[in-house]
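Novice: sharing a sequence plus its predicted fold:
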Amino acid sequence: MKLNLRELEVFRAVMETGSVTAAALELGITQPAASKMLQQAEQRLGFALFRRDRRQLVPTPEAHALLPELLGTLASIDGLERLAEALRAGQSGQLCIAAVPVLATALLPPAVEVFRARHQDVSVRLRAMSALEVVNHVADHRADLGVILGDTGDRRVEARPFRSSAIGCALRRDHRLASRRHLTLGDLAGIAVISLGARQPVGQALLAAQARAGVQWRLAVEVSQSSIACALVRAGAGVAVLDGFGLAEARAQGLVTRPLVPRLLLEATLVVPHGRVPTRLASAFCATLERLDAVADPCGPGGGRPRRRGRGA
């Protein structure tokens with residue numbers, strides 16, 4: 001019995017996504033190719049890894065038993081490839097960061113610039129992905145650290161909130177509400193609202209705020225990323241409700257931003273492996289990020305404010 005690397009990757013991806021189609025999409029291969037590799041893996045092993053339950057693949061007990069060793073093997077291979085890449089480039093190290101898209105674009109670039117100025121012989125890999133993928137990458141040691149919004153709810157990793165961000169609204173300059181100094185939840189009733197879904201921190205905060213205020217409205221358009229919301233606002237599709245980092249992106253695209261009252265805050269959170277000391281480079285980058293005023297609040301004082309203050313990085 002000898003599994004090849006691609007079969008191991010397909011096994012891991014199906015375990016994470018619950019379907020061969022989603023696993024194939026994540027790995028950049030066709031669905032038939034992924035199915036064939038999964039079948040080959042089961043034939044080599046001599047037992048089934050998944051059973052079908054309606055439209056979902058459910059891992060067998062054998063699959064769950066193999067998973068820890070599988071993740072350790074893939075992490076070791078990934079670490080070996082990263083080390084070899086750094087050695088080929090004549091570098092002393094490589095730092096891999098996983099982040100949700102809005103933080104990868106609005107929060108991390110200034111921190112990467114400061115970090116690279118102090119560690120010029122270190123290569124940085126910055127990957128944008130969903131919060132769930134960030135947690136999985138850190139837990140499986142495919143990334144040295146992660147950055148997300150909100151908590152993880154996952155015991156495999158440690159969450160360290162380090163910067164608060166105020167939720168606000170992004171509008172076109174010609175929108176009738178653009179003349180307001182701030183907007184309320186009631187102002188959003190009856191207009192087309194664009195925002196992230198209820199599974200994401202912004203959506204969860206909005207639903208809770210609506211319940212407290214007794215205000216009800218439905219999203220006109222639900223999006224997965226702040227950049228999509230900004231594009232829809234520019235096209236005249238409505239008003240976007242975003243976290244402070246997404247609002248920074250909106251301002252960069254020429255949109256007007258206004259604070260939302262009452263004030264709603266979200267936390268930007270560092271994600272590191274639980275029970276394991278971060279690498280020297282990961283610790284250095286975390287320190288840089290925690291000290292750096294990387295994003296000013298686009299809606300007024302307070303949002304985008306670091307939890308700990310310090311000079312420089």
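Specialist: Looks like it arrived, so ask away.
Novice: can you map out the strands along the stretch 1-150 of the chain?
Specialist: Assigned by DSSP state E, counting those that start in this stretch, the strands in the stretch 1-150 of the chain fall at 50-53, 56-59, 93-99, 122-128, 145-149.
Novice: could these go into JSON lines alongside distance to Ser283 and mean pLDDT?
Specialist: (Each C-beta comes from the backbone N, C-alpha and C, glycine too.) Shown next, in JSON lines, are the strands of the stretch 1-150 of the chain (distance: least, Cβ to Cβ, whole Å; pLDDT from 0 to 100):
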{"stretch": "strand 50-53", "distance to Ser283": "39", "mean pLDDT": "83"}
{"stretch": "strand 56-59", "distance to Ser283": "35", "mean pLDDT": "84"}
{"stretch": "strand 93-99", "distance to Ser283": "10", "mean pLDDT": "90"}
{"stretch": "strand 122-128", "distance to Ser283": "13", "mean pLDDT": "91"}
{"stretch": "strand 145-149", "distance to Ser283": "9", "mean pLDDT": "95"}
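Novice: just those: most buried one?
Specialist: Greatest average neighbour count among these goes to strand 145-149 (a mean of 27), per mean count of other Cβ atoms under 10 Å.
Novice: mind listing residues that contact that one?
Specialist: Where contact means Cβ atoms under 8 Å, 6 or more residues apart in numbering, the residues beyond strand 145-149 that reach it are 97-100, 102-104, 107-108, 131, 134-135, 137-138, 157, 165, 200-202, 243, 245, 266-272, 278, 282, 285-286, 289.
Novice: out of the residues you listed, which end up buried?
Specialist: Using 16 or more other Cβ atoms under 10 Å as the burial test, the contacts of strand 145-149 include 97-100, 102-104, 107-108, 131, 134-135, 137-138, 157, 165, 200-202, 243, 245, 266-272, 278, 282, 285-286, 289 as buried.
Novice: any low-confidence regions in the stretch 1-150 of the chain?
Specialist: Scanning the stretch 1-150 of the chain for pLDDT under 70 picks out 1, 83, 85-92.
Novice: tell me who's in contact with Thr105.
Specialist: Going by Cβ under 8 Å, 6+ apart, Thr105 touches Ala128, Ser227, Glu249.
Novice: ok, the residue nearest in space to the middle of the chain - contacts?
Specialist: Closest to where the C-alpha atoms of the chain average out (Cα atoms, centre = their mean) is Val100, at 2.2 Å. By Cβ under 8 Å, 6+ apart, the contact list for Val100 reads Ala128, Met129, Ser130, Ala131, Val134, Val147, Ile148, Leu149.
Novice: state the distance from it to Val20.
Specialist: 26 Å (Cβ to Cβ, to the nearest Å).
Novice: and for Glu81?
Specialist: From Glu81 across to Val20, the span is 25 Å (Cβ to Cβ).
Novice: quick check: bridge partners of Pro259?
Specialist: Beta-bridge partners for Pro259, by DSSP bridges, are Gly168.
Novice: for this structure, longest helix please?
Specialist: helix 61-88 (DSSP state H).
Novice: with that, I have no additional questions.
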